[in-house]
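Undergrad: Kindly generate the corresponding structure for this input.
(chains A and B)
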There are 2 protein chains.
Amino acid sequence: MDKQSLLEVQQRISPFIHNTPVLTSQLLDEMAGAKLFFKCENFQKMGAFKMRGATNAIINLTKEEQERGVVTHSSGNFAQAISLAARNLDVKAYIVMPNNAPLVKKEAVLNYGGLVTECEPNIKAREQASQDIVDNKGATFIHPSNDLNVILGNATAAMELLQSLPDLNFLLSPVGGGGLLAGTALAAHYFGNHCVVLGGEPKAADDAFRSMKSGHIETNISANTVADGLRTQLGDINFPILQKYVDHIVCVEEHEILKAMKLLWERLKIVVEPSSAVAFAVVLKEKEYFKNKKVGIILSGGNVDLETIKFS
Amino acid sequence: MDKQSLLEVQQRISPFIHNTPVLTSQLLDEMAGAKLFFKCENFQKMGAFKMRGATNAIINLTKEEQERGVVTHSSGNFAQAISLAARNLDVKAYIVMPNNAPLVKKEAVLNYGGLVTECEPNIKAREQASQDIVDNKGATFIHPSNDLNVILGNATAAMELLQSLPDLNFLLSPVGGGGLLAGTALAAHYFGNHCVVLGGEPKAADDAFRSMKSGHIETNISANTVADGLRTQLGDINFPILQKYVDHIVCVEEHEILKAMKLLWERLKIVVEPSSAVAFAVVLKEKEYFKNKKVGIILSGGNVDLETIKFS
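TA: Numbers count the residues shown, from 1 in each chain, chains lettered A, B, ... in the order given. Just a heads-up that it's a prediction; the model follows:
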């Protein structure tokens, strides 16, 4: 992979995604002691950066593969992203969801034209259900994060940010499966000017943090974090990219995530999901490190169940 | 007043305000059965359209008046707007606030450089405290809504919207004191193309609705609505403008306001205050009336106490 291939990805997916706005806030800058640039993927189509990777993964299939459709298992943003990206490209999308997924998430997928298959709520059942669809329909399985085309698609968020602000000193994104952080790090490597990339991770699901320390992929025994998009496991395609291009990962506590999210809602007047607040929480936690620097922060998405959010 | 004088107001205040973005949503259009354009004054400086009127009111004072300062009584957005507008113009702002106002609101005013005078929480006390400042400091009193310069400043929100979308069939704003609706109606008269203006008002504080019916200013006995920016009383400068240029006012129930607000948060991914959702609630309530039309909606502001909002 090189700079040119990233530019080609950007051009290929551009008809299907938004070049999302970048917001700034004098008050948040004063609080952080740095100049912050928030890349608002909450305003992306279907409400999250995942639209980028999903679109790129489907575009890169052969015509024959596209005719047989795609399959993924997810109860979150990637299910919606694959459904909408597939519809835009006139491809069938099979979505495996646990039978206890919230009705609103199932409806969102159906709204975007996804074909839902329900399964028991455990990993084995969903992998089996996905494999059945691969076997019976000839559909191609697309992983939500551990897939190079997904990573390259996700990279375009940071590319857009760096194309308008080439002199960012730092670039931060949250890390769950690692698909956004890996893409962000590649973008900074090819389009930044000595731009240092950091990941933000919930302490309660810190497999990426521990993996970077130990040098091999660690797992989470539990992942009880409000940042529901970051409960997933780091993958073996993402990990070597993080090792090579990410400076380090900082963990934040649950109360720090909620405090950061509340500030984003109150001051930027935007709705972001808890996962999005994790990278901003890192900046608030490590103020000395970022002092007077230009810091880009990828706000990953805005799909949040308002009824479950409690500020206090 | 004429078209040219509104253009002059717009030019005079433009260095001090944002030309706020207009958002659209395919999904909300489908729900409403109309093409909706949301003018996002939640992204205005200090978070509400009130910055426009406050700035215009202070700019229009003589140099001598500006040197003696301005005074208003408010515990809400107008207190912040006058404080920030005055600071931008190097003018002293005296803000009379009830001594039971939330600390966060007092701090916001102090942050913008306002000089706070506390008083007992009743109308007589705040009018007396304001008058004392007028008498002792020579400051000029500025009313939050019942003031022609405030109205003309507020008109610039709808002017911007109509300058980019001259063919809107309808334009809606919420109505409390009437300062935003009067400005919106003037803008539509001078810059619209047969654009019909409607006001949205909470049923629980429907003085403007009743005033338009009876032909004279009616009062609210109570104003127990979640739309806290709309609890104020219609004024005698606004009312004749509404009578002349507003088609009619539609009242909405509390649950309709909350439902509309939740949709705006979920679908546009923006934080708006309950008052902002009132005009959108009207569109959802009267779908047949707006069917297939182009409808502009002024989202008045985004200053909301997140801890008090409960969606369910």
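Undergrad: Give me every residue in the stretch 151-300 of chain A lying close to chain B.
TA: A:Lys262, A:Trp265, A:Glu266, A:Lys269, A:Ile270, A:Val271, A:Val272 (Cβ under 8 Å from any Cβ of the partner chain). Every C-beta, even on glycine, is put in place using the N, C-alpha and C of the backbone.
Undergrad: let's see it at 10 Å
TA: A:261-262, A:264-273, A:299 (Cβ under 10 Å from any Cβ of the partner chain).
Undergrad: ok, and the most crowded of those residues?
TA: Within these, A:Leu299 tops the neighbour count with 31 neighbours, counted by other Cβ atoms under 10 Å in any protein chain shown.
Undergrad: Can you name the residues bridging to that residue?
TA: On the basis of DSSP bridges, A:Leu299 is bridged to A:Cys40.
Undergrad: Quick one: residues contacting it.
TA: A:Leu299 makes contact with A:20, A:22-23, A:38-44, A:48-49, A:157, A:173-174, A:264, A:268, A:270, A:272-273, A:275-277, A:279-280, B:269, according to Cβ atoms under 10 Å, 6 or more residues apart in numbering or on different chains.
Undergrad: And A:Leu152, by the same measure?
TA: Residues in contact with A:Leu152 (Cβ under 10 Å, 6+ apart) are A:1, A:5-6, A:8-10, A:12-13, A:52-53, A:56-57, A:60, A:159, A:179, A:182-183, A:186-187.
Undergrad: Strands of the stretch 151-300 of chain A, residue ranges please.
TA: A:170-174, A:196-202, A:248-252, A:294-299 (DSSP state E, counting those that start in this stretch).
Undergrad: need the longest helix for chain A.
TA: Counting by DSSP state H, the longest helix found in chain A is helix A:148-164.
Undergrad: Is there a neighbour count for the closest residue to A:Arg231 other than its chain neighbours? I'd like the number.
TA: Spatial nearest neighbour of A:Arg231, chain neighbours left out: A:Ala223 (3.8 Å); criterion: Cβ to Cβ, 6 or more residues apart in numbering or on different chains. Applying other Cβ under 10 Å, we find 18 residues neighbouring A:Ala223.
Undergrad: circling back to that earlier point, biggest separation within the residues of the stretch 151-300 of chain A next to chain B, which pair?
TA: A:Arg267 and A:Glu273 (16.7 Å; Cβ to Cβ).
Undergrad: ok so, going back, so which of the strands of the stretch 151-300 of chain A gets nearest B:Ser145?
TA: Nearest of those to B:Ser145, taken as Cβ to Cβ: strand A:294-299 at 34.9 Å.
Undergrad: pull the CA atoms of that closest one into PDB?
TA: What follows is strand A:294-299, C-alpha atoms only, in PDB (Å, rounded to 0.1, in the frame of the first residue of the first chain):
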ATOM      1  CA  LYS A 294      -2.700  21.300  16.900                       C
ATOM      2  CA  VAL A 295      -4.700  18.100  17.600                       C
ATOM      3  CA  GLY A 296      -7.100  16.400  15.300                       C
ATOM      4  CA  ILE A 297      -9.700  14.100  16.900                       C
ATOM      5  CA  ILE A 298     -11.800  11.700  14.900                       C
ATOM      6  CA  LEU A 299     -15.400  11.700  16.400                       C
END
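Undergrad: any idea how far chain B is from A:Asp167?
TA: 25 Å (Cβ to the nearest Cβ, to the nearest Å).
Undergrad: Could you do A:Glu118 as well?
TA: As judged by Cβ to the nearest Cβ, A:Glu118 and chain B stand 24 Å apart.
Undergrad: How about that residue, nearest residue that isn't a chain neighbour?
TA: A:Asn99 (4.3 Å).
Undergrad: Format the residues of the stretch 151-300 of chain A next to chain B as JSON lines; extra columns: pLDDT.
TA: As requested, these are exported to JSON lines (pLDDT from 0 to 100):
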{"residue": "A:Met261", "pLDDT": "96"}
{"residue": "A:Lys262", "pLDDT": "95"}
{"residue": "A:Leu264", "pLDDT": "97"}
{"residue": "A:Trp265", "pLDDT": "96"}
{"residue": "A:Glu266", "pLDDT": "94"}
{"residue": "A:Arg267", "pLDDT": "94"}
{"residue": "A:Leu268", "pLDDT": "96"}
{"residue": "A:Lys269", "pLDDT": "97"}
{"residue": "A:Ile270", "pLDDT": "98"}
{"residue": "A:Val271", "pLDDT": "96"}
{"residue": "A:Val272", "pLDDT": "96"}
{"residue": "A:Glu273", "pLDDT": "94"}
{"residue": "A:Leu299", "pLDDT": "98"}
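Undergrad: Most proximal residue of the stretch 1-150 of chain A with respect to chain B?
TA: At 4.5 Å from chain B, A:Asn42 is the closest residue in the stretch 1-150 of chain A, using Cβ to the nearest Cβ.
Undergrad: quick one: contacts for that residue?
TA: Shown in contact with A:Asn42 (Cβ under 10 Å, 6+ apart): A:20, A:48-49, A:264, A:268, A:270-273, A:276, A:299-304, B:268-270.
Undergrad: Poorly predicted segments of chain A, please.
TA: Within chain A, the stretches with pLDDT under 70 are A:312.
Undergrad: At the geometric centre of it, which residue sits there?
TA: Centroid check for chain A by Cα atoms, centre = their mean gives A:Leu180 as the closest residue, at 4.4 Å.
Undergrad: what's the span of stretch A:83-95 from first residue to last?
TA: Stretch A:83-95 has an end-to-end distance of 8 Å (Cα to Cα, to the nearest Å).
Undergrad: is chain B contacted by that stretch?
TA: No. Stretch A:83-95 stays clear of chain B (Cβ under 10 Å from any Cβ), getting no nearer than 11.2 Å.
Undergrad: roughly how far out does that stretch sit from the chain middle?
TA: 19 Å (Cα atoms, centre = their mean, to the nearest Å).
Undergrad: Quick check: buried residues in the longest helix of chain A?
TA: Residues A:148-162 are the ones in helix A:148-164 that count as buried (16 or more other Cβ atoms under 10 Å in any protein chain shown).
Undergrad: Repeat that for stretch A:193-209.
TA: A:195-202, A:204-209.
Undergrad: Of the residues you listed, just say which sits nearest to B:Lys137.
TA: A:Gly200 (49.5 Å).
Undergrad: Roughly how far does that closest one sit from chain B?
TA: 20 Å.
Undergrad: Could you do A:Met212 as well?
TA: Noted for A:Met212: a distance of 31 Å to chain B, by Cβ to the nearest Cβ.
Undergrad: check contacts around that residue.
TA: Residues near A:Met212 by Cβ under 10 Å, 6+ apart: A:175, A:199, A:201, A:206, A:218, A:234, A:239, A:242-243, A:246-249.
Undergrad: A:Val272 contacts A:Leu264, correct?
TA: Yes. The criterion here is Cβ atoms under 10 Å, and A:Val272 meets it with A:Leu264 at 5.2 Å.
Undergrad: Now list whatever residues contact both of those two.
TA: A:Phe38, A:Cys40, A:Asn42, A:Phe280, A:Leu299, B:Val271.
Undergrad: What's opposite the closest residue to A:Ile298 other than its chain neighbours in the beta bridge?
TA: Computed as Cβ to Cβ, 6+ apart, the closest residue to A:Ile298 that is not its neighbour in sequence is A:Ser173, at 4.1 Å. Under DSSP bridges, the beta-bridge partners of A:Ser173 are A:Gly199.
Undergrad: Spatially nearest residue to A:Phe239 (excluding sequence neighbours)?
TA: A:Ile217 (5.6 Å).
Undergrad: oh sorry, the question was meant for A:Leu89
TA: Leaving aside its sequence neighbours, A:Leu89 sits nearest to A:Ile58 (Cβ to Cβ, 6+ apart; 5.3 Å).
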